[in-house]
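> Predicted model, plus sequence, below.
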Amino acid sequence: MRAKRADELTAGANEFDQTREKQMIANGVDQRTAVASAQINDFERLVPPVRRIVIDRAPVAARPPTEREAVRRSLAAVGPERLTLREVSISYGAKQAVKSVSLAIHQGEVLALIGPSGCGKTSLLRTLNRLTELTPSAKRGGSVLLDGEEVQRFEDTKLRSRVAMVFQQPNPFPMSIFDNVAFALREQSRKRPRRRELMPLVLDALRRAGLHDEVCDDLDKPALRLSGGQQQRLCIARAIASRPEVLLMDEPCSALDPISTGVIEELIHELRQDLAVVIVTHNLAQAQRVADKVAFMYLGDLVEYGTAEQVFKQPRAQRTRDYVRGVFG
Amino acid sequence: MSSFLDASGVAPPPCRPRRSSLRTWRWGDRLLLASLWAAGLGLCAISAAIVLYMGIRGIQYLRPAMLVTAPQASTSQAGSGGFLDPIIGTVLLTLIGVIVVLPLAAGSAFWMVEYGRPRWLGRVVESCIEIVAGTPDIVIAIFGLAIFQTRLLAPFSVTAEGGGVVGRSFIAAGAMMSLIALPAIYTATRDGLLAVPAHMREAAFALGKTRIATIRRVLLPSVRSNIATGVTLGISRIIGDTAVVLLMLGAALHIETQGGTPVLNLLRGTGSTLTSYVYENSPAGEGGAPQKAYAAAFVLLVFVLGLNLLIDFIGRAGARSTGLSVGVAVV
Amino acid sequence: MNRSLSARVFDRIRKPWPDHRAERTLGAVSLLVVAIVLATIVCILARAWPTFQHEGLSWLGRGGNVDRQLGDMFSTGLHPGASAYHLRAWPLVYGTLLTAGIAVVIGLPVALLASIFIVEFAPTRVRKLAIPTIRLLASVPSVIYGLIGILVLVPFVGNHLITTSEKVRMENVVQLTGAGLGVAAILLAVMITPIMVALITEALAAVPRSWREGAIALGLHPLRATLSVSVRAIRPAIVASAVLATARALGEAVMIYMVAGSVAFSPKPSDGLIFVFEPLKTLAAAIVENFEGLNAPALRSSVYAFAALMMFSAFALSVSGYLVKLPLRRHEVRG
């Protein structure tokens, strides 16, 4: 596919997406049969092939799962432990949302929190950057350590610049694209930085978020005019602009179409090299695609925690087995 | 593992959450926070001060007898009577104003929302209502003088000797008061109608009712509280208005009727209202009776505050009203 | 069916109307409103025409004592010559602009701060108290403001804030009694601030919570988050409230007439701080003062010229408000 001009993309985004999808299904039929013929067990049949969606190159054939695992294991120079949760429990008034969860989150890997709706995944995520404090009745027990230090001891504003968050609904500010990405950068410095100084940082963030090619023509365009997937990538760019250490994602793709979802999953794959990523999702297939480690939560309890391969192929708890098979959810 | 759990099953956190303390805020932000509190509490303090001061003065000078005695010309404050006539004048003026404006405003609002054809006419009507809302009351009053001082509308007011039409009467002032209340009632009705969900109209049409029948049977009952809110807002504006009263009613001491016919003579007559009474008794008018002015102002304030409470009550009992802006006649 | 004429008419009204008749009737009512508004504009312009005819636009300029000019007009009788229309009303225009301008300049920041306080930072109990209190301020009749002004503030200013030496110094130019710019502007500011607070709080409450939450998640503290995101988002509403408040301030007649003094004097900033206490007269106050003498044609056309100017300024305000909002709306959420 030839590179398209940014304005054509944004103007005819929908059209473009549909033609791309048709092409890929045409490609995909071949891919799927190729993959299926190499499948050896049930698990492999459940995993949809991953496609690398790059705008200005021909779509790369998805690697078969076993090869993907090997790549992942080699790439995963699993970094130091960034966040540690020890017996964290969260309650809103009388209702207890999370009961005694202990986890570790390392740089270089993606932790997926899975489980049915209302099981405390989002509360646990929001407690990692102390966003639960916005709710007056929320109480937290246990400890959350960022690089060994208790998170409560940091100032909340400093903590949130190190632990960034992307929300379920894309929420770009009513400003231009440039102003959105530069927002945190501007607020964090004492003096007002000039646009010249901010431009390389902004462009770098957009590149890492995979949005650069689409919007580099006009960075002053209002952010609210972008499509849903682009807005979410803009929110990711905004979150990673100030180089946080941990990226929290609360069901980032649930409001997006499949194409944008694929783009963002690809993004997560690349981002985890520099950051620790925690993603909450109730889409099992997505968890299988992106996660290195998986934590399954059910009604506030941490039922199972382990590598993705282990949780999906050989779950220890019966409940996990049932959930993964789709018995409930 | 669970040794430190308390009753709710939550282990207490190791230390209190540290908020970004004020020490780390920029100086400008700290100043801003202080001024936020100052502005908010300051406005409340000013409001309380005004009400308290008027209350104190009112209690000091108001005698219940004043509410039922007619004013008399007298040089001393003790002998100058009460303000029954101004109170009657206020009530009369408000009644006339509301009776004139209600069909106009409600009718226009219904037409706008339900019919609204042709489009350009709808835009013109909306713009006109906006113009009326933005026109100062003194300009409305001077317009009133312009039309009521003509020979055409002479029967509505007094004709002095020599042929000059004075142009002042209750009905003339009431007609102008209707313009004052027009935007409030129109906006309230229109917003109420717009907020009626489409399925109510659709259900009525599906049952075969004409538009006008839908208006009468379905829409009118559901926007009753909005119309009531608008009317109360309009009444509060009418009661508080001085300019129209001064120009179009004069500040006569007593209600004076004109001519012989029983009701028409009152409408054609002149008098005063509470607002012009306060004005006249203050140093700006004839002056010399600040005590009466305070007493009348206190009664006026009580009326207006009571109306405010009524608006709140209707708004809560009804349905579609917004928080703070209910008290402001906004287009 | 031999029914009488009146019975038949009555029947026709009482039976359910067909739609087209109802539409035409309601349309006629709307047209009546339009007709009244057009009549207002035409009437005022028509009566103001002689002043424009004789003086052109120079009656807005400077030259001579406006009070004396208006007084002279009153005595020119029923058939004045062209020279009777001589008018230089700049002091009135200046007075109007000055009071309204100062009132809005004081009122807008206070209203913005108070609104942010009410919506974001006030504890719940304080908020529940503050909202009705401020709304109360909006419904107080202007004559009560005028009464408090003339019976409390003016004597206070006249006796305590202006020293006798200053009064003596200014004796030849103008008498300082305390009634003047300061009291008028402050009372006007108090009058228009609740209007702005109402509009701005409504707009602030309508800003999506997710924006503010996103700003906090990026590491801003609540005040910065509100300022950078919410306040930026409601800029059109701030402009609209300022326009509405200015229109109200320009049109206030009785209160200003009571507290600003009755001299058409132009307060001069070069007089120093005392300029705040100098008396003035606005266009609206001049109308209140002179409405008795509308029989004299020269006076009548001058007064209506003032009214025409006020109408025109209200109209110009809403147009300019619309124009200012246009570029601000670029970043708003679409549909």
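Here it is on my side, so go on.
> C-alpha from now on. contacts and neighbour counts both.
Will do.
> which secondary structure elements does the lengthiest helix in chain B contact?
For chain B, the helix with the greatest residue count under DSSP state H is helix B:27-61. Packing partners of helix B:27-61 (3 or more CA pairs under 8 Å, 6 or more residues apart in numbering or on different chains; DSSP states H and E): helix B:290-317, helix C:90-116, helix C:124-139, helix C:222-225.
> one more time with 6 Å, if that's ok
When contacts are defined as 3 or more CA pairs under 6 Å, 6 or more residues apart in numbering or on different chains; DSSP states H and E, helix B:27-61 sits against helix B:290-317, helix C:90-116.
> In JSON lines: those helices, plus mean neighbour count, mean pLDDT and distance to chain A.
Below are these laid out as JSON lines (neighbours: other CA atoms under 10 Å in any protein chain shown; pLDDT from 0 to 100; distance: least, CA to the nearest CA, whole Å):
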{"stretch": "helix B:290-317", "mean neighbour count": "20", "mean pLDDT": "87", "distance to chain A": "27"}
{"stretch": "helix C:90-116", "mean neighbour count": "23", "mean pLDDT": "94", "distance to chain A": "18"}
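> Include distance to residue C:284 when you put the ones you listed into CSV, please.
Below are the helices and strands packed on helix B:27-61 laid out as CSV (distance: least, CA to CA, whole Å):
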stretch, distance to residue C:284
helix B:290-317, 22
helix C:90-116, 8
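> Find the helix or strand that residue C:249 is a member of.
Using DSSP states H and E, residue C:249 sits within helix C:235-251.
> Of the helices and strands packed on helix B:27-61, which is nearest residue A:148?
Of all the helices and strands packed on helix B:27-61, helix C:90-116 sits nearest to residue A:148, with 38.2 Å by CA to CA.
> So the closest one, near chain B or not?
Yes. For a cut-off given as CA under 6 Å from any CA of the partner chain, helix C:90-116 has contacts with chain B, namely C:110, C:113, C:114.
> Distance check, the last one against residue C:197.
What it means is residue C:114. 7 Å (CA to CA, to the nearest Å).
> cool, the second one as well?
For residue C:113, the distance to residue C:197 (CA to CA) stands at 9 Å.
> for the first one, same thing?
Counting by CA to CA, the gap between residue C:110 and residue C:197 amounts to 9 Å.
> neighbours of residue 173, just the number please.
Just going to use chain A. Neighbourhood size, residue A:173 [other CA atoms under 10 Å in any protein chain shown]: 29.
> actually it's chain C I care about, not the one you picked
Each residue near residue C:173 was counted by other CA under 10 Å, and the total is 9.
> for it, helix, strand, or coil?
coil (DSSP: H, G, I helix; E, B strand; the rest coil).
> what does chain A put close to chain C?
A:157, A:160, A:161, A:174, A:175, A:222.
> what sits against the third one?
Contact criterion CA atoms under 6 Å, 6 or more residues apart in numbering or on different chains gives C:218, C:219 as the residues in contact with residue A:161.
> Which strand or helix spans it?
Using DSSP H and E, the element containing residue A:161 is helix A:156-162.
> as a whole number, average confidence for that helix?
The average of the pLDDT scores along helix A:156-162 is 87.
> now do stretch C:181-194
pLDDT averaged over stretch C:181-194 gives 94.
> same question, stretch C:75-83
Stretch C:75-83 shows an average pLDDT of 77 in the prediction.
> what's the answer for stretch B:90-108, then?
93.
> same check, this time on stretch B:141-149
On average, stretch B:141-149 scores 88.
> Give me the buried positions along the helix or strand of chain B with the lowest mean pLDDT.
None of the helices or strands of chain B scores lower by mean pLDDT, DSSP states H and E than helix B:262-268, at a mean of 76. The neighbour-count check on helix B:262-268 (16 or more other CA atoms under 10 Å in any protein chain shown) flags B:265, B:266, B:267, B:268 as buried.
> looking just at contacts, which helices and strands does it meet?
Counting by 3+ CA pairs under 6 Å, 6+ apart, helix B:262-268 packs on helix B:170-195.
> Show me what the helix it packs on is packed up against.
Helix B:170-195 packs on helix B:84-110, helix B:224-240, helix B:262-268, going by 3+ CA pairs under 6 Å, 6+ apart.
> Check the ones you listed for me and report the most buried one.
Per-stretch averages of neighbours, counted by mean count of other CA atoms under 10 Å in any protein chain shown, single out helix B:224-240 among the helices and strands packed on helix B:170-195, with a mean of 25.
> For residue C:78, see how far away the residue nearest to residue C:82 when sequence neighbours are not counted is.
Among residues not flanking residue C:82 along the chain, residue C:54 sits closest, at 6.4 Å (CA to CA, 6 or more residues apart in numbering or on different chains). Distance of residue C:54 to residue C:78, given as CA to CA: 16 Å.
> In contact with residue 275, which residues are there?
Going with chain A. Counting by CA under 6 Å, 6+ apart, residue A:275 has contacts A:107, A:108, A:245, A:246.
> You answered for a different chain; I wanted chain C.
C:267, C:268, C:269.
> Check the gap between it and residue A:173 for me.
Where residue A:173 is concerned, residue C:275 sits at a distance of 45 Å (CA to CA).
> what's around the residue lying closest to residue B:110 once chain neighbours are set aside, how many residues?
Taking CA to CA, 6+ apart, and ignoring the residues beside it in sequence, residue B:110 has residue B:190 as its nearest neighbour in space, at 7.1 Å. Close neighbours of residue B:190, defined as other CA under 10 Å, add up to 23.
> My read is that residue B:190 contacts residue B:108, right?
No. Using CA atoms under 6 Å, residue B:190 makes no contact with residue B:108, being 8.8 Å away.
> Return the member of the residues of helix C:90-116 next to chain B nearest to residue C:218.
Among those, and counting by CA to CA, the member closest to residue C:218 is residue C:113, at 23.8 Å.
> How about the closest one, nearest residue that isn't a chain neighbour?
residue B:36 (5.0 Å).
> Local confidence estimate at the one you found?
For residue B:36, the model assigns a pLDDT of 93.
> Could you tell me which residues of the stretch 201-335 of chain C lie near chain A?
So the stretch 201-335 of chain C meets chain A at C:217, C:218, C:219, C:220, C:331 (CA under 6 Å from any CA).
> For the stretch 201-329 of chain A, which residue gets nearest to chain C?
residue A:222 (5.4 Å; CA to the nearest CA).
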